[in-house]
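> here you go, sequence then predicted model.
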Amino acid sequence: MEVLESRLTAVRRCCAALPDTRTGDNWQYTMADIGLAAFAVFFAQSPSFLAHKRHLVEWHGHSNAQTLFGMAKIPTDNHIRARLDPITPDHFTPLFAEILTALEQSGGLTAFRRLDEHVLIALDGTEYHRSTEVQCRHCATRTRTGQPTEYFHTVLCATLVAPGHDRVVPLAPEFMVPQDGHAKQDCESRAARRWLARHGAVYARLKPVYLGDDLYACQPLCEAGLATGGHFLCVCKPDSHPTIQEYLTGIDLLEQVARVKRGRERVTHRYRWLCAVPLRGDDTALNVNWFSIEIVNPKGEVTYRNSFITDLPVDASTVAELSACGRARWKIENESFNVLKTKGYHLEHNFGHGTATSLGRARHPQPDRLCAPHRLRPRRRRLAPGPRHARAAHPLLPQSAGADRLSGLPVLDRTPGNARLRAATATPARLTDRPASQARRSIRSSAQSRIENCCDRTD
């Protein structure tokens with residue numbers, strides 16, 4: 001509990017320092033209360049602002065806003081959106097470094113050390129908002145054939161991972177937004193280089209190894225990681241690196257085979273590697289160390305195959321651990337993105353798309369329903385309770401001429417085609433000027449229920 005209170009104190013201190021753009025007389029809420037009110041939505045894993053406010057006030061008759069977060073007053077959701085919309089996410093960046101420092105000082109970072117005291121930082125991008133209607137000046141756009149233009153937001157996330165560890169530590173993100181001086185839309189590659197330039201020196205003391213998919217296995221990103229005092233370990237697909245494939249063709253690669261027990265079975269791990277391979281086909285190419293891993297089940301079937309490049313030494317004593325660290329990149333997908341989107345944090349919910357920033361920075365799971373809360377249609381009013389014949393005409397429903405008459409039912413004068421029904425209705429019902437309730441009581445045959453249903457629909 002002491003650790004939780006210290007972290008909440010840090011969040012409150014950060015929120016209290018947020019810039020306040022108010023100029024009028026509405027000062028009853030402090031910026032600390034406004035920021036904590038937004039943070040509490042995700043801390044409590046609430047699916048909406050309304051559900052969160054009810055949870056705060058109704059918990060055992062007390063307010064969690066006061067007892068847990070130290071909030072004096074609870075702002076409304078619209079007030080939270082209006083105040084936080086102009087604030088850039090950079091104001092919350094120091095919190096990530098503070099949390100990592102506390103983890104390091106408590107010794108919790110030791111369990112994440114791999115490859116001779118290195119830490120693994122996985123980099124990857126994810127989409128958190130998509131809509132054909134809701135947009136802002138920071139939205140990226142794409143157009144599919146025959147489809148309307150889509151507006152979306154993406155973010156580059158950095159996560160501390162380790163093979164064999166069931167926890168991850170999120171680090172400061174980098175949002176992909178239009179950059180000054182660039183005509184093209186922002187992309188994951190440029191966002192990754194910005195992240196390394198901003199945070200690489202801060203994490204250099206941890207001896208980081210940056211993990212990435214095949215997109216990161218290019219010379220600009222590899223050099224950016226090396227320039228900040230880090231290392232790289234990235235997926236290397238054969239189709240994306242023809243120069244490396246040329247060097248691998250026609251030579252006998254160094255190989256190591258290991259038998260690994262997995263449950264009741266024993267699978268075979270086969271490693272191959274080649275050092276000092278040029279990353280691309282020019283004179284300025286960066287030399288990298290290439291290695292691959294294949295997993296073969298007892299039936300002789302290859303169940304997994306992948307290859308990687310790194311600047312770290314690759315030999316018989318390190319290739320197995322390097323392969324495990326390279327495969328740990330998937331933890332940013334499973335333990336980070338998947339948890340945030342499907343385990344109660346509602347990353348894909350649109351808590352409010354403003355004009356400057358997107359609160360919650362999320363998208364609704366239904367593509368055609370990605371809209372701000374004020375665009376949602378209100379729930380339809382329910383009809384008044386009571387018997388069908390006693391219901392008054394609802395103002396939202398159109399009324400036909402003579403709603404209290406049996407009009408528009410010429411089928412009642414026809415003789416039914418069914419023989420049994422024809423016998424039961426020897427005297428067909430006729431349209432009269434009597435009210436509908438009296439007409440229904442005059443029908444005593446087996447067709448009474450069907451006629452009543454028609455009358456109800458007409459009324």
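Sure thing, it's come through.

> so Ser131 sits right up against Glu150, yeah?
Yes - with contacts counted by C-beta atoms under 8 Å, Ser131 reaches Glu150, the gap being 7.2 Å. Bear in mind the C-beta positions are built from the backbone N, C-alpha and C, glycine included.

> need the strands for the stretch 151-300 of the chain, in chain order.
Counting by DSSP state E, counting those that start in this stretch, the stretch 151-300 of the chain has strands at residues 169-170, 174-176, 208-212, 231-235, 254-262, 265-278, 287-296.

> tell me which of those strands sits most buried.
Of all those, strand 208-212 carries the top mean neighbour count, a mean of 25, counting by mean count of other C-beta atoms under 10 Å.

> listing partners with orientation, what would you give for that strand?
Sheet pairing for strand 208-212, assigned by DSSP bridges, gives strand 119-131 (parallel), strand 231-235 (parallel).

> format the strands of the stretch 151-300 of the chain as TSV; extra columns: mean pLDDT and distance to Ile244.
Shown next, in TSV, are these (pLDDT from 0 to 100; distance: least, C-beta to C-beta, whole Å):
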stretch	mean pLDDT	distance to Ile244
strand 169-170	94	32
strand 174-176	91	28
strand 208-212	97	16
strand 231-235	98	12
strand 254-262	93	15
strand 265-278	96	5
strand 287-296	97	6
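
> mind checking which of these is nearest Glu127?
Nearest to Glu127 among the strands of the stretch 151-300 of the chain is strand 174-176 (9.6 Å), distances taken as C-beta to C-beta.

> now do that closest one: which elements does it pack against?
strand 150-161, helix 188-203 (3 or more C-beta pairs under 8 Å, 6 or more residues apart in numbering; DSSP states H and E).

> just the buried residues of the last one, please?
This means helix 188-203. 188-196, 199-200, 202-203 (16 or more other C-beta atoms under 10 Å).

> likewise for the shortest one?
Within strand 150-161, the residues that count as buried by 16+ other C-beta under 10 Å are Glu150, Tyr151, Phe152, His153, Thr154, Val155, Leu156, Cys157, Ala158, Thr159, Leu160, Val161.

> now these as TSV including distance to Gly212?
Compiled in TSV, the buried residues of strand 150-161 are given as follows (distance: C-beta to C-beta, whole Å):
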residue	distance to Gly212
Glu150	26
Tyr151	27
Phe152	21
His153	21
Thr154	15
Val155	15
Leu156	10
Cys157	12
Ala158	10
Thr159	12
Leu160	14
Val161	12
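
> next, the buried residues of stretch 131-150.
Ser131, Val134, Gln135, Cys136, His138, Cys139, Ala140, Glu150.

> mind checking which of these are in helices?
Secondary structure defined by DSSP state H assigns none of the buried residues of stretch 131-150 to helices.

> of the residues you listed, just say which sits nearest to Leu347.
The closest of the buried residues of stretch 131-150, once distances to Leu347 are taken by C-beta to C-beta, is Ser131, at 15.3 Å.

> on the pLDDT front, check that closest one for me.
We have a pLDDT of 85 for Ser131.

> now it, which residues is it bridged with?
Beta-bridge partners, per DSSP bridges, of Ser131: Tyr151.

> tell me how many other residues surround the nearest residue to Lys207 once chain neighbours are set aside.
Excluding the flanking residues, the one nearest Lys207 by C-beta to C-beta, 6 or more residues apart in numbering is His118, at 4.7 Å. Counted with other C-beta atoms under 10 Å, residues neighbouring His118 total 18.

> low-confidence ranges in this protein?
The model of the chain has pLDDT under 70 over residues 1, 47-66, 180-183, 346, 348-352, 354-459.

> outline the domain layout of it.
1-20+27-84, 96-333+402-458 (automatic domain parsing).

> rewinding a little: pipe the buried residues of helix 188-203 into CSV and attach distance to Pro19 per row.
Output for the buried residues of helix 188-203, formatted as CSV (distance: C-beta to C-beta, whole Å):
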residue, distance to Pro19
Glu188, 29
Ser189, 31
Arg190, 27
Ala191, 24
Ala192, 28
Arg193, 28
Arg194, 22
Trp195, 23
Leu196, 27
His199, 22
Gly200, 27
Val202, 23
Tyr203, 27
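
> so which of the residues you listed is the closest to Thr243?
Looking across the buried residues of helix 188-203 and measuring by C-beta to C-beta, the closest to Thr243 is Ser189, at 19.1 Å.

> tell me the contacts of the closest one?
Contact analysis of Ser189 by C-beta atoms under 8 Å, 6 or more residues apart in numbering lists Leu215, Tyr216, Cys218, Pro220, Leu221.

> what's the closest non-adjacent residue to Tyr216?
Cys234 (4.6 Å).

> residues touching Cys91, list them.
Quick fix: residue 91 is His, not Cys. His91 neighbours (C-beta under 8 Å, 6+ apart): Cys14, Ala17, Leu18, Pro19.

> may I ask you to confirm that the first one belongs to a helix?
Yep, that's Cys14 we're talking about. Yes - assessed by DSSP: H, G, I helix; E, B strand; the rest coil, Cys14 belongs to a helix.

> ok, it - contacts?
Contacts of Cys14 by C-beta under 8 Å, 6+ apart are Gly35, His91, Phe92, Pro94, Leu95.

> which helix or strand contains the last one?
Taking DSSP states H and E as the criterion, the element that holds Leu95 is helix 93-105.

> what is that helix packed up against?
helix 2-16, strand 169-170.

> which of those has the highest mean neighbour count?
strand 169-170 (a mean of 19).

> list the contacts for the residue nearest to Leu196 when sequence neighbours are not counted?
Using C-beta to C-beta, 6+ apart and skipping the chain neighbours, the partner closest in space to Leu196 is Ala224 (4.6 Å). Ala224 makes contacts with Ala192, Arg193, Leu196, Ala197, Gly200, as judged by C-beta under 8 Å, 6+ apart.

> just Gln245 next, same as before
With C-beta under 8 Å, 6+ apart, Gln245 has these contacts: Pro238.

> ok, it to Ala285 distance?
For Gln245, the distance to Ala285 equals 14 Å [C-beta to C-beta, to the nearest Å].

> likewise Leu211?
From Leu211 to Ala285 the distance is 22 Å (C-beta to C-beta).
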